[in-house]
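*Asks:* Mind looking at a prediction? Sequence and model below.
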Amino acid sequence: MLHQFFGGVHPAEHKDLTEHKATTPLAEAPAQVVIPMAMHVGAPCKPVVAVGDEVKVGTLIGETTGLGAPIHASVSGRVAAVEPRPYGGGGMMMSVVIDNDFQDTPDPCVKHRDNVDALTGAEIIEIVKNAGITGMGGAGFPTHVKLSGAVGKVDTLILNGAECEPYITSDHRLMLERGEAVIGGARLMAKACGLTEATIGIELNKPDAIEHLKTLAGSDVHIEGLKTRYPQGAEKQLIQMITGRQVPPGGLPAHVGCLVSNVATAAAVWDAVTEGKPLTRRGVTLTGGAMAEPMNVLAPVGTPVGWLVKMAGGFKETPDRLLYGGPMMGNPIYDLDAPMMKSTNCLLALTAAEVAEQDPAQTCIRCGKCVEACPMHLTPLFMRMRVDKRKWDEVEALHVMDCIECGSCNYICPARLPLVQSFRTAKFAIRDKAAKEKAAREAKEKEAAKA
Ligand code: SF4
Ligand code: SF4
């Protein structure tokens, strides 16, 4: 039986721009890819190639230096530079730049594996680790770390096929076009963390994907249709909908016995295990009212944003806002030379008219709609008041750190207040304050030890 989560909103979907468009390879491959050494939660990778080196698709180019996932060449060709380049997160990031030879020659590591059923869970995790797979739904957490941390601790694996953000359809198309890889990946991930079953949650606005996966899934993979409501695909809300369990404030899915991953991640696991393919390309939705020809493409990681826009026919009008991801949680793109990354599921170019729905901010009218919409049971209007006064202790006491930054409060607010942006500021300030206090405490302890 499905459960409900509190709050949420139902923004206009705008998925019709691309939901019936099959994922196609880029009409023209980019002449150069720029692969950043940080596309995951954790420490940046260390480049292990030098200018002039020849690489093939899947050649290791970045090695982990701590928590992280290795990085591989996404095209074959020659390394043109190893240097800081514009980055998706803003600013510059050490990157490996590869001149494409347009041959798509695979690295010898890419080879078919026959004995998949004989693999142990630990062997699957090792393959996932070496393939550099990270969460492809946005967060970019290294998948092998998630899987190994789940062994013996979780009883439920949930794959997120909700794709609840407006405009984005890359997961929808993946489930329709590569359903076998999604189901196969779900089984491998379940085995890796010691389970025998998995559940895939899909919003009811994708009935074709639900039906298709049901025809492929056996009794060990459950397909659940979920009522369309944003942020259905947020980890904590998905867990609540499917299991009825509530992740405690500040807690992780594992605290309630769950592991949540994304359907695209499952397909990447399938490709890595069955074909030896590292994560080097992915489906991306190119969309928004300013994009001339909205479409879904399969593109090499590191393709510059500007090249992807060109493949979608360019801009038909100057976008008012250009985002990685959807309109609710997406991050701004500052530079068309910045690359798409492992976690890039969408490039969204919004027109001024699309953004105009969000008029300049007015004052709070205390309607309480943000409280009703918040799926984390927070009080956005009161948090916002404290943020304005920079009262970090008070805003922390109102549990701002539990904000999942879903943007539901922003969407529903009739005054169009930039609520989630102010919560991001507050979270940064609170973390910064805690880090400074810790450093001061440690310095004091050191001094005391010396005395
Ligand atoms: S306060 Fe945070 S979790 Fe609640 S609706 Fe706003 S963005 Fe979402
Ligand atoms: S929804 Fe906006 S206007 Fe209404 S109480 Fe919340 S912050 Fe104020």
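*Replies:* Thanks, I have it. Residues are numbered from 1 along each chain as shown. Ligands and ions are numbered 1, 2, ... in the order given.
*Asks:* hmm, the helix or strand harbouring Ala440 touching ligand 1?
*Replies:* Using DSSP states H and E, Ala440 sits in helix 419-450. Yes. Applying CB under 6 Å from any ligand atom, one finds helix 419-450 in contact with ligand 1 at 419-420, 423. C-betas here are computed from N, CA, C, even on glycine.
*Asks:* which one of those residues is nearest ligand 2?
*Replies:* Closest approach between the residues of helix 419-450 next to ligand 1 and ligand 2, by CB to the nearest ligand atom: Leu419, at 6.1 Å.
*Asks:* How about the contacts made by the closest residue to Met94 other than its chain neighbours?
*Replies:* With CB to CB, 6 or more residues apart in numbering as the criterion, Met94 has its nearest non-adjacent residue at 4.7 Å, and that residue is Met37. Residues near Met37 by CB atoms under 8 Å, 6 or more residues apart in numbering: 44-47, 62, 71, 93-96.
*Asks:* List only buried entries from the residues you listed.
*Replies:* 44-45, 47, 62, 71, 93-96 (16 or more other CB atoms under 10 Å).
*Asks:* between those, which is closest to Asn160?
*Replies:* Ile71 (23.7 Å; CB to CB).
*Asks:* Just to check, that closest one is in contact with Pro44?
*Replies:* No. Under the criterion of CB atoms under 8 Å, Ile71 makes no contact with Pro44, lying 9.4 Å away.
*Asks:* so which of the residues of helix 419-450 next to ligand 1 is the most crowded?
*Replies:* Leu419 (27 neighbours; other CB atoms under 10 Å).
*Asks:* one step back: any chance of TSV for the buried ones among the contacts of Met37, columns distance to ligand 1 and pLDDT?
*Replies:* Below are the buried ones among the contacts of Met37 laid out as TSV (distance: CB to the nearest ligand atom, whole Å; pLDDT from 0 to 100):
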residue	distance to ligand 1	pLDDT
Pro44	28	91
Cys45	31	96
Pro47	36	97
Gly62	33	97
Ile71	31	98
Met93	27	93
Met94	32	96
Ser95	31	97
Val96	35	98
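*Asks:* Please settle this for me: is Val284 part of a strand?
*Replies:* Yes. Val284: assigned to a strand according to DSSP: H, G, I helix; E, B strand; the rest coil.
*Asks:* That one - how many residues pack around it?
*Replies:* Val284 has 25 neighbouring residues, counting by other CB under 10 Å.
*Asks:* What's opposite it in the beta bridge?
*Replies:* On the basis of DSSP bridges, Val284 is bridged to Val297.
*Asks:* wouldn't it be in contact with Pro300 here?
*Replies:* No. Contact between Val284 and Pro300 fails when scored by CB under 8 Å: they sit 10.5 Å apart.
*Asks:* residues in contact with the closest residue in space to Lys191 that isn't next to it in sequence?
*Replies:* Of all residues not flanking Lys191 in the chain, Gly121 sits nearest, at 5.3 Å (CB to CB, 6+ apart). By CB under 8 Å, 6+ apart, the residues touching Gly121 are 151, 191-194.
*Asks:* Any of the residues you listed buried? List them.
*Replies:* The neighbour-count test (16+ other CB under 10 Å) marks 191-193 as buried among the contacts of Gly121.
*Asks:* on that earlier part again, show me what the helix holding Ala440 packs onto, helices and strands only.
*Replies:* helix 380-388, helix 392-397, helix 408-412 (3 or more CB pairs under 8 Å, 6 or more residues apart in numbering; DSSP states H and E).
*Asks:* Out of those helices, flag the one nearest Lys310.
*Replies:* In terms of CB to CB, the element of those nearest to Lys310 is helix 408-412, at 31.1 Å.
*Asks:* name the helices or strands packed onto the closest one?
*Replies:* Partner elements for helix 408-412 (3+ CB pairs under 8 Å, 6+ apart): helix 369-373, helix 419-450.
*Asks:* Can you lay out the ones you listed as CSV showing mean pLDDT and distance to ligand 2?
*Replies:* Shown next, in CSV, are the helices and strands packed on helix 408-412 (pLDDT from 0 to 100; distance: least, CB to the nearest ligand atom, whole Å):
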stretch, mean pLDDT, distance to ligand 2
helix 369-373, 92, 3
helix 419-450, 88, 6
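*Asks:* most neighbours per residue, which of those?
*Replies:* Mean neighbours per residue, mean count of other CB atoms under 10 Å, is largest over those for helix 369-373, with a mean of 19.
*Asks:* For stretch 218-237, give the mean pLDDT please.
*Replies:* The pLDDT scores in stretch 218-237 average 88.
*Asks:* now swap in stretch 349-362 and tell me
*Replies:* Stretch 349-362 comes out at a mean pLDDT of 76.
*Asks:* Span of that stretch from start to end?
*Replies:* Terminal residues of stretch 349-362 lie 25 Å apart, using CA to CA, to the nearest Å.
*Asks:* Number the residues from 9 up from this point.
*Replies:* Okay, residue one is now 9; in that scheme the one you just asked about reads as stretch 357-370.
*Asks:* Regarding stretch 112-125, how distant is the last residue from the first?
*Replies:* Stretch 112-125 has an end-to-end distance of 29 Å (CA to CA).
*Asks:* no no, stretch 15-28
*Replies:* Between where stretch 15-28 begins and where it ends, there is a gap of 30 Å, by CA to CA.
*Asks:* what comes into contact with that stretch?
*Replies:* So stretch 15-28 is in contact with 174-177, 180-181, 213-214, 236-240, 245, 293-296, 302-304, 335-336, 380-385, 416, 419-420, going by CB under 8 Å, 6+ apart.
*Asks:* Leu155 belongs to a strand, doesn't it?
*Replies:* No. Checked against three-state DSSP, Leu155 lies outside a strand; its state is helix.
*Asks:* Thank you, goodbye.
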